[in-house]
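[1] Can you look at this prediction? I've put the sequence above it.
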Amino acid sequence: MAVNRSNSLFATDQAVDELLQLKTFEDRFDVREFVSSISERLIAHSKEDAGPFDPKPFIRTFESSVDRLLSIRRDLQKQTEVMENSVRNAERDYSKRMSELNSGFESVGKSFSSMETKIGEVGRTAIRIGEQLENIHQSRQRAQAAYDLIDYYNQFAKGDVTRLEALRKERGKEREGREKVAIICRRLSALAKEVDVIGAEKTRENIERYCEKFEKDILRLFDRSYRKGEPKMMAHCAQILLDFNGGNSCIQIYVNQHEFFISAASVEPSSLETEEIWKSISSPTPPPPRTEPSLSLLLQKIRSTVTEEAQIVQAVFPNPMQVLQVFIQRVFAQLIQRQVEMLLEQASNLSSLAFLRMLHLCHAQISRLVDDLKGYDFSSPTSILGKASLGAIPSGPGNLSGVLETAMEELFIPYTEGTRWLDRECKSLAELYAGFLLRFSRYHAQAHQTTKTDGLMNRFMSQISTSTSNVTSNMANAVQGNATTAQAAAAFMKVTGLGTAGGSQLDKRQSDVVVEEPLRELDGKLTIGAAETMLKWHAEAVGRCVELSPSGDVGKNAFALLRLISETLGRSYIETAIDSAIYKLESRDPKLEPELTPLHVVKTIDFVCHLWQQYVNTAILPLAGSSVTVRREMVVYNNSVMNRVETSMDTLVQKAIDVVLAWLAAQLAKQKRNDFRPRNDDMTFARASTEPCTACCDLLVRLKDASKESLTGKNQETFLTEIGVSFQSMLLEHLKKFSVSALGGLMLTKDLAMYQDAMSKYSIPIINERFEFIRQLGNLFVVQPTTLKSYISDSILNRVDPILLRPYLAQRSDWAQISAGWEGIIPNSAASTEDGFLNTTQNLRERLGAGLGSIMRELENFRNGGDEDFYSPPPTSAVFAQSRTSYPVPSPSIGTLIRG
């Protein structure tokens, strides 16, 4: 843009004129840089001038610049206005043009709609005409076909078939001719059955004779093409026979003459001598085999053959699904069934376990085959061979999966129908357990035969026999009255020799073995390894139950197996060991020190029961599935069995307690009357303790070690607490029976200190407190008469009613001299007197009859002071749930006997 420089009074610099152009503001513009560029030369001149600063050049330059910028803005505004006017005019023209185009498009759309309506009317008219022509054509075809059919029928009535033969053998059109002849023959056969006129019988015979000849010719052609490997001609013959009579004859020829059924039929089961599987399948120790060589080979051949045949059938037959179903049914009926029967027969000759393992093996392998063959279902979108051909004809209501499931069910139904499999499974388990526990049962039975009377022996034999017979009734309820458990119990009793005279005898070979090998103590020992072995065999049976049982019967069958393992492991194994331990405790010589080795079985039973219940919760209960009834019955039955085992353990432990306490009581009874009234000699004081005390303490110390080996946790603590509390009560009664002299008091304190030291090894606070009380009570016999009252008031004895201490004080040899100072003293319910005793009043004899030993069972908090609640007895575990029979628990009504 040109700028008139004459408008400015002063000329500007050329560099400033170049900046004051419109192009300066078109690109990136910076105000500071612009101002700096304008004043750059002026600043340089000002610095060169040595005089004072002169602002005039700056003012003139900036004024000229501002004028020039204002001029540029006016010119720019004019250009903007012109361009805006141009844009508005262009917008008006565009809107007008778009309006014209819209009007044109609307008119064109209306024209097309009108044309479409007319075309639709013409199309509908053409469709009606086409339908009419189609109906006319079909009527004409039916009429022509009826005419031709009648004509062919008349020719057959005359015995002339030249026209059909000519149609069939027309040169260059043999395939079309055969297809037409097949359709005509099918229609003639149907017509001949309906016509009933003179000569119709002969005509029918001619037609049937020709149809039979035609079918044989096509079948020969199919067979010839099959042998030559011509799939196109085979497909042609299959289509003709499908149009003629459904194609069943063609399918039968294809399947029957297949070389696979000839070659695969020669596969024999593996030999007993050559295959390792048959050497170990009858033994429950090694794991069950997963494959059988001959069966695996056959199934592999079936997989490869079906893969090849599925492709051939899909290419040859118009109804490939039907052909494949017939082929697979023949495979199951002829090959697989024969192989399974031979394998199971060979396994059944070995043992029931071998039969069950082989049945499970066959079922598992054939199930995998069925899953693989389901992928060849042409009607399934997931078919291995892809989509079925469009011309495929459905084979019936069932698909390939249904045919395979039916074939699988029919194959194994002779072995799994009803309770056949469960009967054999229970029988096998019963035989295994019977053989496994044979020496165990005989050892315990033989141990009972050493008794002088046969009462315990008869009870033991009855218990084992009942445990096996109970399997019958219990499991019969689980499987609704089947005869499975009767056979299982009979097998168990036969092997163990606990049945009738005829059924209790083992076979001669087995009897010889039992006689030759003597029984050892290890045979009768209850071990965790034996329980693990039985549970392992049972888990294998449960695995077969899941595989072989219908989905709705898994929980019920698992319950039947649970009853079997519960009766075997609980009654025949654990309870037998407990009964033997109880018998050993009962039959011991009471004069000898009790042997606590029978109690060792308790700890093993604890571990076995824990393992057993863990197995039930993990492997058995989940099999109940959604059946609440079956799960509840399982839980109730399992709890009842465990309660029975715990009750037996209670009886054993209580019997051990009774035996120990009886022996301790017998030792205390050996205490001599002069033990605590000794002569004044050196030999008397040389003794550390009396003989009964030494014997009791030795047993109590050994009892601690024995309980550690036999019991765990709270059970051990409760057992020792029971012994300690009962023995302390015995000692309280024991001290009332002997007169104690001054020197004898020293012997008594030695005995009591030894008792306290032995019981302190138990490390149980309750027992420690009780024997501390015993020790302080023993000090009554050594304290001087003058300090006796002060000793009682200052010791733990001040919390005991003085009336209860009198029987012990009366055993002092000097009681006759000091008793006068104790007459008339009765307890005060409000507060203690200065010496801690008051005179007694009423019911003295009755309250003395209660005894100090009875109140000590509730007096357990002495170390904490009299203001606290009395110590409650320790909790009793399930093992010690039964009440004591020999030593009664004291009455809790003792509040009035305790001071403070």
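    Nice, I can see it.
[2] pLDDT weak spots in the stretch 251-400 of the chain?
    262-275, 378-398 (pLDDT under 70).
[3] so where do the helices sit in it?
    260-263, 277-280, 293-316, 320-330, 337-348, 352-373, 400-416 (DSSP state H, counting those that start in this stretch).
[4] in the longest one, what's buried?
    The one in question is helix 293-316. 294-295, 298-299, 301-302, 305-306, 309-310, 312-314, 316 (16 or more other C-beta atoms under 10 Å). Quick note: C-beta positions are derived from backbone N, CA and C, even for glycine.
[5] nearest to residue 590, of the residues you listed?
    Nearest to residue 590 among those: residue 295, at 66.4 Å, using C-beta to C-beta.
[6] Of all the helices of the stretch 251-400 of the chain, which one comes closest to residue 448?
    Across these, residue 448 has its closest neighbour in helix 352-373 (31.1 Å, C-beta to C-beta).
[7] Packing partners of that closest one?
    On a contact count with 3 or more C-beta pairs under 8 Å, 6 or more residues apart in numbering; DSSP states H and E, helix 352-373 meets helix 293-316, helix 337-348, helix 400-416, helix 420-436, helix 528-548.
[8] and the nearest residue to residue 695 once chain neighbours are set aside, what does it touch?
    Spatial nearest neighbour of residue 695, chain neighbours left out: residue 667 (4.8 Å); criterion: C-beta to C-beta, 6 or more residues apart in numbering. Residues in contact with residue 667 (C-beta atoms under 8 Å, 6 or more residues apart in numbering) are 692, 695, 696, 699.
[9] returning to what we had before: in CSV, list the helices and strands packed on helix 352-373 along with distance to residue 120.
    Putting those into CSV (distance: least, C-beta to C-beta, whole Å) gives the following:
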stretch, distance to residue 120
helix 293-316, 43
helix 337-348, 65
helix 400-416, 47
helix 420-436, 71
helix 528-548, 66
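[10] For residue 254, which of these is the nearest?
    helix 293-316 (8.2 Å).
[11] Low-confidence regions, the chain specifically.
    Short version for the chain, where the test is pLDDT under 70: 1-12, 170-174, 262-275, 378-398, 449-516, 680-688, 821-900.
[12] how is it carved up into domains?
    For the chain, the TED database gives the domain ranges 15-150, 159-249, 290-377+400-417, 420-472+522-644, 671-818.
[13] Nearest to residue 186, out of the helices of the stretch 251-400 of the chain?
    helix 320-330 (18.4 Å).
[14] Packing partners of that closest one?
    Identification of packing neighbours for helix 320-330 by 3+ C-beta pairs under 8 Å, 6+ apart yields helix 248-256, helix 293-316, helix 400-416.
[15] got the ones you listed as CSV, with distance to residue 815 columns?
    Formatted as CSV, these follow (distance: least, C-beta to C-beta, whole Å):
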stretch, distance to residue 815
helix 248-256, 115
helix 293-316, 96
helix 400-416, 88
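[16] and the longest helix for the chain?
    Identified as the longest helix of the chain according to DSSP state H is helix 56-158.
[17] Buried residues in whichever helix or strand comes after it, which are they?
    Note on helix 56-158: by DSSP states H and E, the next helix or strand toward the C-terminus is helix 162-168. By neighbour count on 16+ other C-beta under 10 Å, the buried set for helix 162-168 is 164, 167, 168.
[18] Which elements pack onto helix 162-168?
    Looks like helix 162-168 contacts helix 56-158, helix 174-194 (3+ C-beta pairs under 8 Å, 6+ apart).
[19] just so I know, which of those lies nearest residue 820?
    helix 174-194 (138.5 Å).
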